[in-house]
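> quick one: sequence and predicted model below, then my questions.
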Amino acid sequence: MSEEKQNITRIVQNNKEYILIGTAHVSKHSADLVKDIIEQEQPDAVCVELDEQRYRSIQDGSKWKDMDIFKVIKEKKATLLLMNLAISSFQKRIAKQFNIEAGQEMIQGIKSAEEVGASLVLADRNIQITFSRVWAGVGFKGKMMLLTQVMTGIFSNETITEEELEKMKSQDSIDSILREFTEYFPRLKKPLIDERDQYLAEKIKQAPGKKIIAVLGAAHVPGITKELEKEHDLDDLNRVPAKSKLPKIIGWSIPVLIVSIILATFWLNPEAGWQQMQRWLVWNGTFSALGVIVGLGHPLAVLTALLAAPITSLNPLMAAGWFAGFVQAYVKRPQVSDFEQLSEDVYTVKGFWRNKVTRILLIIVLANLGSTLGTIIAGTDVVRLFMNNL
């Protein structure tokens, strides 16, 4: 009863009763609580903190077997897929520590809704829309800080006790964490927390019937409790921000500037111009190739990055990592077993390099990062040689 009081919020509004269950996404106690409350209350509808994409992932456990790695590379989704896998690995490691299934409370909510004959409502916003709004709102510095924090958390070997895990469900503790979180990422809280609170609240209000149970991460319960009293426009919350033209302008301006400086240097001093060309080829190719080596790529993939990077660095529509990834995928084509093992291999850092699928993704990302670093160093060298010959 004490656990129910702590993690259950009951609201009566407009002749409807809302029962919000605050959960930790990797807690067996949360899953048990969801089962007990749904069986006791016999609701008309059960809302779960899932969108259609994540719901399908739960329903189709073999989805990795159908993934076309070449299509992923062509559609420029390698980085996004790698980040999704890496983020999911954090929850899975904790879940494995306690011998439970990540998201078990949502799975239980789906199962229990079916057992009691309640309508199932997928109440969360599409994850891609949330990522787009987050990415558009944090700025360059925020993006770098966010990526650093995510990667640090992913590859951390820290473990937590079950008591600490259960404390994560305390609304007071969650509020404290969110206040600290927004001090570092003030612009991130709006799309990641506030907007989703509004979206979830509106979907919960629209759920059919008089008694509604909502299975939610505990972090959202305080916000949703407030937002249930307001009206929200789901179309507005689903709107993807228009892409800024500035990155495209910068992306083309830099190679035009580099080529112009090299041509001008050739006119001033042909010998210095050849030096610039050599530096550009060496710095770009070498760092991109090193990225593939760090990713344990095939020698042909290393050679591809070495040759492609100096050219792709001058064209924002291409990237050395894509070419290296294609070659790696061709010579070390993933087998069905790699896709079947993918969900297990993302538990560990070693697994990311061992699995042929994630190794291809790592090679793409690392080759591109190496090429970017090479472009910065080579570009600085090109400008220095130009200035020396004025």
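Perfect, thanks for sending it. Numbers count the residues shown, from 1 in each chain.

> drop to CA atoms for contacts and neighbour counts, all remaining ones
Fine.

> so for the longest helix belonging to the chain, what gets flagged as buried?
Criterion DSSP state H: the longest helix present in the chain is helix 356-388. Going by neighbour count (16 or more other CA atoms under 10 Å), the buried part of helix 356-388 is 356-375, 377-379, 381-383, 385-386.

> what's stretch 119-138 in contact with?
Residues outside stretch 119-138 that contact it (CA atoms under 8 Å, 6 or more residues apart in numbering): 44-53, 55, 110, 113-114, 143, 185, 187-188, 191-192, 196, 199-200, 203-204, 207-208, 238-241, 243.

> pull out the buried members of those residues.
Buried, going by 16+ other CA under 10 Å: 44-51, 55, 110, 113, 143, 185, 187-188, 191, 196, 199-200, 203-204, 207-208, out of the contacts of stretch 119-138.

> mind giving me the packing neighbours of the strand or helix carrying residue 279?
Taking DSSP states H and E as the definition, residue 279 sits inside helix 270-294. Where contact means 3 or more CA pairs under 8 Å, 6 or more residues apart in numbering; DSSP states H and E, helix 270-294 is packed against helix 246-268, helix 299-312, helix 320-331, helix 356-388.

> if we use 7 Å, what do you get?
helix 246-268, helix 299-312, helix 356-388 (3 or more CA pairs under 7 Å, 6 or more residues apart in numbering; DSSP states H and E).

> give me the angle between the longest helix of the chain and helix 299-312.
40 degrees (axes from the mean of the first three to the mean of the last three CA atoms, to 10 degrees).

> now the element after the helix or strand residue 35 falls within, going C-ward?
Using DSSP H and E, residue 35 sits in helix 28-41. Downstream of helix 28-41, the next assigned helix or strand under DSSP H and E is strand 45-48.

> can you give the distance of the helix or strand just after that next one from its chain's centre?
Note on strand 45-48: by DSSP H and E, the next helix or strand toward the C-terminus is helix 52-59. With CA atoms, centre = their mean, to the nearest Å as the basis, helix 52-59 stands 16 Å off its chain's centre.

> care to break the protein down by domain?
2-237, 246-388 (automatic domain parsing).

> residues in contact with residue 254?
By CA atoms under 7 Å, 6 or more residues apart in numbering, no residues touch residue 254.

> what does the one 4 residues further on give?
Applying CA under 7 Å, 6+ apart, we find residue 258 in contact with residue 379.

> again with residue 200
123, 124.

> any idea which helix or strand carries it?
Using DSSP H and E, the element containing residue 200 is helix 195-206.

> which SSE is immediately downstream of that helix?
Defined by DSSP H and E, the subsequent element after helix 195-206 is strand 211-217.

> alpha carbons only: can I get that following strand in PDB?
What follows is strand 211-217, C-alpha atoms only, in PDB (Å, rounded to 0.1, in the frame of the first residue of the first chain):
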ATOM      1  CA  LYS A 211     -11.600   5.300 -16.000                       C
ATOM      2  CA  ILE A 212      -8.200   5.800 -17.500                       C
ATOM      3  CA  ILE A 213      -4.900   4.200 -16.300                       C
ATOM      4  CA  ALA A 214      -1.700   5.700 -17.700                       C
ATOM      5  CA  VAL A 215       1.700   3.900 -17.400                       C
ATOM      6  CA  LEU A 216       4.400   6.600 -17.300                       C
ATOM      7  CA  GLY A 217       8.000   7.200 -16.500                       C
END
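
> and the contacts of the helix or strand just after that strand?
Once strand 211-217 ends, the next helix or strand along the chain (criterion: DSSP H and E) is helix 221-227. The contact list for helix 221-227 (CA under 7 Å, 6+ apart) reads 20, 22, 197, 198, 201.

> how about helix 221-227: buried residues?
In helix 221-227, counting by 16+ other CA under 10 Å, buried: 221, 222, 223, 224, 225, 227.

> pull out the buried residues from the helix holding residue 35.
In helix 28-41, counting by 16+ other CA under 10 Å, buried: 28, 29, 30, 31, 33, 34, 35, 37, 38.

> restrict it to CA atoms and write it as CSV.
Taking C-alpha atoms only, helix 28-41 is exported to CSV below (Å, rounded to 0.1, in the frame of the first residue of the first chain):
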residue,chain,number,x,y,z
LYS,A,28,10.5,-5.4,-11.9
HIS,A,29,8.6,-3.8,-9.1
SER,A,30,7.1,-1.3,-11.5
ALA,A,31,5.9,-4.0,-13.8
ASP,A,32,4.3,-5.9,-10.9
LEU,A,33,2.6,-2.7,-9.8
VAL,A,34,1.2,-2.0,-13.3
LYS,A,35,-0.2,-5.6,-13.4
ASP,A,36,-1.8,-5.3,-9.9
ILE,A,37,-3.4,-1.9,-10.5
ILE,A,38,-4.9,-2.7,-13.9
GLU,A,39,-6.4,-5.9,-12.5
GLN,A,40,-7.8,-4.1,-9.5
GLU,A,41,-9.2,-1.1,-11.3
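
> can you tell me the SS state at residue 19?
strand (DSSP: H, G, I helix; E, B strand; the rest coil).

> from residue 311, how far out is the spatially closest residue to residue 374 that is not a sequence neighbour?
Once flanking residues are discounted, residue 374 sits nearest to residue 284: 4.2 Å by CA to CA, 6 or more residues apart in numbering. Distance of residue 284 to residue 311, given as CA to CA, to the nearest Å: 9 Å.
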